[in-house]
Each structure stands twice: as C-alpha cells, then as structure tokens.
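*Asks:* Okay, sequence plus prediction incoming.
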Amino acid sequence: MARVQFQVNGRSRAVDVAQEMPLLWVLREELGLTGTKFGCGEGQCGACTVLLDGKAVRSCQVPISTCESKRVTTVEGLSSDHSHPVQRAWLEEDVAQCGYCQTGMMMSVAALLQEKAQPTESDIDEALADHICRCGTYQRVRKAIGKAATAVAGAK
C-alpha cells in the first residue's frame, strides 16, 4: 500500500492503495466516480478515458502510482450541470443510445477541443480511432463534435 496524492476534478485527493492499482478502479471504487466506465480492461475500447494533466488516457492502463501530484479530470469534472460544450452537444444531439462508451468519447473530444477548437475531420478520426461504440452512434457523435467545436470557438 502506498499513499498517492493527486487532484481529481479540481479537488485534492489522497488514497492509500496498491501502487499498481489502475486509476480506473481508484476513481470508481475508492472515490465513487462511476462515470468512468470499465469496458475491456486492455485500453482498447476507450470507455475508461479520462484526462490526465489535460491529455486523454485509458485509466484502466494507468497505475495510480504514476498519478502522484497530477491532475485527473473525469466526466463528472467537466461540469456539474452539463454546461460544458461537449456535454451540452451530446445531450442536444441525443448521442447516447446505451451510453456505455459515451463518457470515454466525451473525454477524448474534450481533450481534442482543448488542443484544437476547430478540429479537422482527420483530427476527429484520430481522437476517436480507439473508441468502440457497439450501438453505432458515430454519426450523432460527429454531429455533436461539430456543435461543441462551434460553441468552444465562439467562447474564445
């Protein structure tokens, strides 16, 4: 067991867990942040995507020991009232069907829009390349990304 201190959704947190415990399980089991989903456990599906110091990562593949003094943002940390442009766009475009993969996609898109307010189609392809949606909502996802990008660009 080791004590790891890091920031989650703007709040300082400390956990006493095994150093190799994946960030995913710390978020879900230790901190009760269940918006981050367990999908494959191999970093292939994208359901567990969170931001680590602003970059999209697969939390099932990140040992908590590497998070010391870093910033983690989960879907709950985008906004508490669904006012983040990505959350708003997802709701307005009714993107989710079963919804299981959506929080991971939203986090990758949030990271993309932080980096590029006006992403190209290839930027979007790259950001979503490793996300698997069994329901096939990809067209609604793309429409929501366009709407979120317009909102982000308008806010700058």
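*Replies:* Yep, it's here.
*Asks:* Can you tell me which residue is spatially central in the protein?
*Replies:* Note on the chain: the residue nearest the mean C-alpha position is residue 107, at 2.7 Å, using CA atoms, centre = their mean.
*Asks:* Next, that one: secondary structure please.
*Replies:* Secondary structure for residue 107, judged by DSSP: H, G, I helix; E, B strand; the rest coil, is helix.
*Asks:* May I have the residues that are in contact with the residue lying closest to it once chain neighbours are set aside?
*Replies:* Using CB to CB, 6 or more residues apart in numbering and skipping residues adjacent in sequence, the residue nearest residue 107 is residue 49, 4.4 Å away. (C-beta placed from N, C-alpha, C; glycine too.) Neighbouring residues of residue 49 by CB atoms under 8 Å, 6 or more residues apart in numbering: 36, 56-59, 103-105, 107-108, 131.
*Asks:* Across the sheet, point out what pairs with residue 49.
*Replies:* residue 58 (DSSP bridges).
*Asks:* what's the spacing between it and residue 85?
*Replies:* From residue 49 over to residue 85 the distance is 17 Å, taken as CB to CB, to the nearest Å.
*Asks:* looking at it, residue 89 is touching residue 148, isn't it?
*Replies:* Yes: at 3.9 Å, residue 89 counts as touching residue 148 under the criterion of CB atoms under 8 Å.
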